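Asks: Here's my sequence, what's the structure:
(2 chains)
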Amino acid sequence: AQSVTQLDSQVPVFEEAPVELRCNYSSSVSVYLFWYVQYPNQGLQLLLKYLSGSTLVKGINGFEAEFNKSQTSFHLRKPSVHISDTAEYFCAVTYPSGNTPLVFGKGTRLSVIA
Amino acid sequence: DAGVIQSPRHEVTEMGQEVTLRCKPISGHDYLFWYRQTMMRGLELLIYFNNNVPIDDSGMPEDRFSAKMPNASFSTLKIQPSEPRDSAVYFCASTDRAEAFFGQGTRLTVV
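Replies: From the prediction side, this is the model:
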């Protein structure tokens, strides 16, 4: 079964600094990968997804992620963060067959400091 | 489409009472998932349905929890009797296989 590890539970960063949120997955077969963001008291919103094709995926709000099959990683990056990026970020994986649910990491709380 | 709709948004109930959470998935989505979110455990999958049929309920914590999907546009998650440790945010999500769409969640507090 697939699993997801988010290596950092909390990441504080100053406004306008770059940030990387790390995600590693375990699977011996092809997977779909996702990053979701959760703002306080809200549901999860899709940031970006990797299904196939280019390994560099661009999402909303200036975020991007790179799929690295050899390292089984899907790290999320943003070159310059804003206060409004403060939220919880979840990495998730599923199989392309579509009949398995998303498996989520524990989440990384990004705190942007003014 | 209005997205996945959950009700109520907030529920406060006394221990021992029955609680019913409701979800309306996005039209046309054939998968529906119920997740529970707590500080200690993060996001846990409770149960999911495909075409209204329960596929995997191994995440349901106890027999006190039950879920139904009587038709493609409605699902319920019921807890009877409720206990304080059931306090959490419960999310419903529906998917077209390439992306899961989440509702706003129901924050359940059992006192």
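Asks: ok, the spatially most central residue of chain B to chain A distance?
Replies: For chain B, the residue whose C-alpha lies nearest the mean C-alpha position (CA atoms, centre = their mean) is B:W34; its distance is 3.7 Å. As defined by CB to the nearest CB, to the nearest Å, B:W34 lies at a distance of 10 Å from chain A. All C-beta spots, glycine's among them, are computed from the backbone N, C-alpha and C.
Asks: leaving aside the residues next to it on the chain, what's closest to that residue?
Replies: In space, and not counting its chain neighbours, B:W34 is closest to B:L46: 4.4 Å by CB to CB, 6 or more residues apart in numbering or on different chains.
Asks: That neighbour contacts B:Q37, correct?
Replies: No. Using CB atoms under 8 Å, B:L46 is not in contact with B:Q37, being 10.7 Å away.
Asks: if I look at these two, which residues touch both of them?
Replies: Between them, B:L46 and B:Q37 have B:Y90 as joint contacts when contacts are counted by CB atoms under 8 Å, 6 or more residues apart in numbering or on different chains.
Asks: The helix or strand harbouring B:E11 pairs with which strands?
Replies: When elements are defined using DSSP states H and E, B:E11 is found to belong to strand B:10-13. Using DSSP bridges, the strands paired with strand B:10-13 in its sheet are strand B:106-110 (parallel).
Asks: Show me what the residue nearest to the spatial centre of chain A is bridged to.
Replies: Against the mean C-alpha coordinate of chain A, by CA atoms, centre = their mean, the closest residue is A:W35 at 3.4 Å. When bridges are called by DSSP bridges, A:W35 pairs up with A:L48, A:C91.
Asks: rewinding a little: how confident was the prediction at the residue nearest to B:W34?
Replies: At B:L46, the predicted lDDT confidence score is 95.
Asks: now do A:W35
Replies: Reading off the per-residue confidence, A:W35 sits at a pLDDT of 97.
Asks: which ones are touching it?
Replies: For A:W35, the set of contacting residues under the criterion of CB under 8 Å, 6+ apart consists of A:21, A:23, A:46-49, A:59, A:63, A:65, A:74, A:76, A:89-92.
Asks: Get me the contact residues on chain B for chain A.
Replies: Taking CB under 8 Å from any CB of the partner chain, the part of chain B that reaches chain A is made up of B:4, B:31, B:33, B:42-43, B:45, B:48, B:50, B:55-56, B:91, B:93, B:95, B:97-105, B:107.
Asks: neighbours around A:A17, how many?
Replies: The criterion is other CB atoms under 10 Å in any protein chain shown. On that basis, A:A17 has 12 neighbouring residues.
Asks: do the same with B:N50
Replies: Neighbour count of B:N50, defined by other CB under 10 Å: 16.
Asks: Equivalent analysis for B:R64, please.
Replies: B:R64 has 15 neighbours, counted by other CB under 10 Å.
Asks: Any regions of chain B where pLDDT drops low?
Replies: Counting by pLDDT under 70, chain B contains low-confidence residues at B:1, B:97.
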